Every structure is written in structure tokens, then in C-alpha cells.
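Trainee: I would like the atomic coordinates for the input below:
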Amino acid sequence: MSEPAPRIDPTSPADGETTPAPLTRGRRIDLFRAIPGLGWLAKRRSFQFWVVLPNLFLFLLFLTAGIAGTPVGNRNIIIVFVWILWWFLLISLLVPFVSRIWCTVCPFPFFGEWAQRRALIKVRAVAPKDRKSGPGVVIGRNRYFGLNLKWPKRLSNIWIQNIGFLFLCTFAALFLTRPIVSVVVLGSLFVIATTLHLIYRQRAFCSYVCPVSGFLSLYSMSSTVEVRAKDAGVCDKCKDKGCLAGSEKGWGCPWYVYPSKLDRNNYCGLCMECVKTCPSDNITVNARPFCSDRLLKGWDEAWKAFIMLSLALAYSVTFLGPWGFIKDWANVAEKQDWAGFATYTAILWATALVIVPGIYAAAVGLGRFIVRKVPGAALPFKDVFLGFVYPLVPLGLLTWIAFSLPLILVNGSYIAMVISDPFGFGWDLFGTANMHWTPVVPEWTPYIQVVLLLGGLFFALRVGFAHATRLYRETRVALRAFLPVGCLLGVFVGSLIFLYAA
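Mentor: Residues are numbered from 1 along each chain as shown. Predicted structure coming up:
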């Protein structure tokens, strides 16, 4: 039986290396048991179709408004709903509390997956005797259409997502002011997703290309929910492997992961196919403590953390700081200062890809130097580096929430306006089109931002020290090794507090 190669991250140490102490797992609550009807709903064949369909129509409305509606950004629904409301809900509520739930309802792969499966709801299961007959390509126990090529192994990482996200974020000022730019970006995502579904098998676009998927991958590690096997022993004895190969009840995992061995949220899109296909009813959704996934497993994931933190810092300086000339550099469409935009772009990319990683690597190296004479403390640089980069996950997430908070508090009244007049045509569907712009408690915003940043620092130091203890075993050695990175994190948070609250 030809099955898709599962995406399994290697975590075992090489021969001769010391096995690090395990990180604590924490308590889990089976939500399928705790919430009546949730498990039944997840097992419905039509579940994902019905949660995607409204979102698809909403995005088609956004694209239409971006093309035919007013060019004034704060009066066009594509700007207000996507870059203010959607972004705030995504980074502040959806990712922290329900992981990659956006992937469950995301409309971008809709048309491509429809063409690939030639089905919206039903499953194309294949009996063993029919594997060599019929149209399409059989993968596992399901039949697919299109070329169904395997994604190149050398690109099986999130580097494309890293660079793509950084590229798009370079033009953030255009997204916030020009509806047609948002149309080009969002429309391109539909086209690219559909094209890749016709060429490559399953959700190659979502796993390796989608720029939104990249940061969801990183920050979903902190989420308070997870899809996991109920009992690992049941999976070890299972010969069916329906979660990977598919069955008459569902498709094999579209995300290239082996659901029964899932130990992180990074690459699980919450499509619930494994819940449907598991022959032992052994897959569930758990509630868990914040920041339960704590292992970064590659340079690509580490650089995603650097990129996200650098962008949060850059946006805070550009859009919330007192330096108007930097905002003018970023807003090239309005100012036509191409030299300034080139300077802004060079600084942004250098900061995200070189300067911040370089400073962080120096802090990690200093910590290793401090404990170099301790017996058994000569650990590989990559192991220590990836462990000490993980604190940027909770810190980066809460920094982004702190940055996004003013967007919704200051501009939230525009949401009520565009609901009544989504195209800017002068409609007043719900009587709110002529509301006055009214910022919500602007005097409280800096204090809330400070609390969020201090919370991010708390979790960063907590999980960073946990990694140091895991690596070095002895508390005093772990503290000394992590001290330079901990100080660096404190300086970063202190700088942002000064920027927000000064």
C-alpha cells in the first residue's frame, strides 16, 4: 500500500550523546468527553465543509469590495475586517486558545482541494482489488486527482513561509491603506493554493508555502488545545493506520503528519480527518496548559521566531513610535520616497535575518562559555540554541498581542461603520454607517500593553529556564547558562515598555 510519507520530527539524540531530561507534560482534559456533542460534530463528514463555506463567501465579499468598493481604506470592509478585526482575533484569541483553528475554516485551499479530491464532502475510498484500476492516483486508501507529485524533500521545511511572510510584511503600510493591494495578496493566495493542489499531493501549499501557516505553526505551540492520541499503546498496536492512510470514513492526513505520533501542534491543521478515520476512536482534542509544546526542531523554526519578534519590534517603532520619518519610509505608496523605502526594507530584513539572530546566538554562546568548565556541560551548540530560542514563542505571541491591541481599540469603531456600508457606497444597512470614530479607553492601552509584555517575559523566562534545566540537569549550571539570554529578553521587553508607555 502506497502511503504518504509522514512528517515525523527526529528528537532522539545521536549515539554517544546524553539524553536531555524530559520536559513536564502537564494535565490534559479530553474535550470530547468534557463537552457533549463536540466529538460527534468532529466526526461528521460534512464538518469542515460547513465551517469553510461561510468564510469562503465572506472572503469573496472582501475581494469584491476591494475591487469595486471605495479606495479609502478605513471605509472598505477588506481593510477593516482583514487587517484590523481578523488579525486581532487571530493573534489574540484564536491562536492562544484554539491553536490552528483558522486552518480548519481557511478558504484558500477550498478550490484546490475540491479539484484534487473531486468531492466536497464524500470520501473516495479504494478497495485493495481496485487499487490498480480507475482514474486518478491512489495514496494510502484514498483516490486523488491531478499530478499528485511528492513535495521536494529539500523544501520540506518552513523557509518558503519565512521569506514569504517577511516579504509581505515589508509592504504592511500598503495593506492598511490600499484595498486593491489586499485584493492582489488574498487573490494570489487562492490562485497559488489551487495551482499547487493540482500539482502536488494533499496540502503542500498549507504545509510549506502559505505565509499565514508559518506563524500559526510557531505560535500554535503555545495554544491551550491539541489533537492527540488518547492512548499511545493503542496506536502502537494498530495495524490499520487509518489516520495516515485514510479509510472509507475519511482522508489520510492532508498535512503530512502521522497523527498517532503527534507530539506538537506545529503542523496539525485541525481538519479532524484523523478523528474520523481512527478505527479505535483513539484520537481526541485536549485542553492543556499554556506553552505545552516546547521543542523547536530546526533552524527554519528558530528563524521564524526571530522574524516574528523582529517584525513586532519594527511595526511598534514604525506605527506606534514617535518617528514619523520611519512611517513615511514604510508608506512608499503615499510618499513616493523609494530611497527611504529601500532603506526601511534593508534595515527590516537585516534585523530579522541577521542582526537579531546574531545577537541571540552571541548570548547563547556566552552562556555556553560561562559553563564550559563544568563536567558534562559541553553540549552541542544547536541543541542549546534551539532550546533557548523557544522562549521567543510565548514572548513573541504576547508582544504581537500588545502591538495589535491599539489597532482594535483605536480603530474598532470602523468595524461598525463598514458593516453597514461594506463597499463605501453610502449605504446604511444597520444604522451604524455614520458613527463617529471613537477610540476605546485609549488612556488604558499602555498599561494593558505593559502587563502583556511582562506576562510574555514571565513565560519566556519560565520556559527558558525549564529548557536550561532539561539540558544541563543541575539548577545552578542551568541558571548560569541561561543568564545571558534571560538578560537579553529583559532588555527587549524593557525597550518595548519604554516605547509604549513613555
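
Trainee: Buried residues in stretch 177-191, which are they?
Mentor: Thr177, Arg178, Pro179, Val181, Ser182, Val183, Val185, Leu186, Leu189, Phe190 (16 or more other CB atoms under 10 Å). All C-beta spots, glycine's among them, are computed from the backbone N, C-alpha and C.

Trainee: With distance to Lys335, secondary structure and pLDDT as extra columns, can I get those residues in JSON lines?
Mentor: JSON lines is the format used below for the buried residues of stretch 177-191 (distance: CB to CB, whole Å; DSSP: H, G, I helix; E, B strand; the rest coil; pLDDT from 0 to 100):
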{"residue": "Thr177", "distance to Lys335": "11", "secondary structure": "coil", "pLDDT": "87"}
{"residue": "Arg178", "distance to Lys335": "13", "secondary structure": "coil", "pLDDT": "91"}
{"residue": "Pro179", "distance to Lys335": "19", "secondary structure": "helix", "pLDDT": "94"}
{"residue": "Val181", "distance to Lys335": "15", "secondary structure": "helix", "pLDDT": "94"}
{"residue": "Ser182", "distance to Lys335": "20", "secondary structure": "helix", "pLDDT": "95"}
{"residue": "Val183", "distance to Lys335": "22", "secondary structure": "helix", "pLDDT": "96"}
{"residue": "Val185", "distance to Lys335": "21", "secondary structure": "helix", "pLDDT": "95"}
{"residue": "Leu186", "distance to Lys335": "25", "secondary structure": "helix", "pLDDT": "96"}
{"residue": "Leu189", "distance to Lys335": "28", "secondary structure": "helix", "pLDDT": "97"}
{"residue": "Phe190", "distance to Lys335": "31", "secondary structure": "helix", "pLDDT": "97"}
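
Trainee: between those, which is closest to Ala204?
Mentor: Leu189 (14.0 Å; CB to CB).

Trainee: picking up where we left off before, out of the buried residues of stretch 177-191, who's nearest Val257?
Mentor: Leu189 (22.1 Å).

Trainee: what sits against that closest one?
Mentor: Going by CB atoms under 8 Å, 6 or more residues apart in numbering, Leu189 touches Phe108, Cys210.

Trainee: do that again at 10 Å, thanks
Mentor: Going by CB atoms under 10 Å, 6 or more residues apart in numbering, Leu189 touches Phe59, Cys106, Pro107, Phe108, Pro109, Leu168, Phe205, Val209, Cys210, Pro211, Val212.

Trainee: low pLDDT regions in this structure?
Mentor: Residues of the chain meeting the criterion pLDDT under 70: 1-25.

Trainee: if you set the cut-off to 50 instead, what comes out?
Mentor: For the chain, applying pLDDT under 50 flags the ranges 1-5, 8-19.

Trainee: thinking again about what came up before, include secondary structure and neighbour count when you put the contacts of Leu189 into TSV, please.
Mentor: Output for the contacts of Leu189, formatted as TSV (DSSP: H, G, I helix; E, B strand; the rest coil; neighbours: other CB atoms under 10 Å):
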residue	secondary structure	neighbour count
Phe59	helix	21
Cys106	coil	23
Pro107	coil	19
Phe108	coil	25
Pro109	coil	25
Leu168	helix	16
Phe205	helix	23
Val209	helix	21
Cys210	coil	26
Pro211	helix	20
Val212	helix	19
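
Trainee: and these as JSON lines, adding distance to Phe97?
Mentor: Listed next are the contacts of Leu189 as JSON lines, based on distance: CB to CB, whole Å:
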{"residue": "Phe59", "distance to Phe97": "23"}
{"residue": "Cys106", "distance to Phe97": "17"}
{"residue": "Pro107", "distance to Phe97": "22"}
{"residue": "Phe108", "distance to Phe97": "22"}
{"residue": "Pro109", "distance to Phe97": "23"}
{"residue": "Leu168", "distance to Phe97": "25"}
{"residue": "Phe205", "distance to Phe97": "26"}
{"residue": "Val209", "distance to Phe97": "26"}
{"residue": "Cys210", "distance to Phe97": "21"}
{"residue": "Pro211", "distance to Phe97": "22"}
{"residue": "Val212", "distance to Phe97": "18"}
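
Trainee: Looks like Gln202 contacts Asn148 (just checking).
Mentor: Yes: here Gln202 reaches Asn148: they are 8.4 Å apart, a contact under CB atoms under 10 Å.
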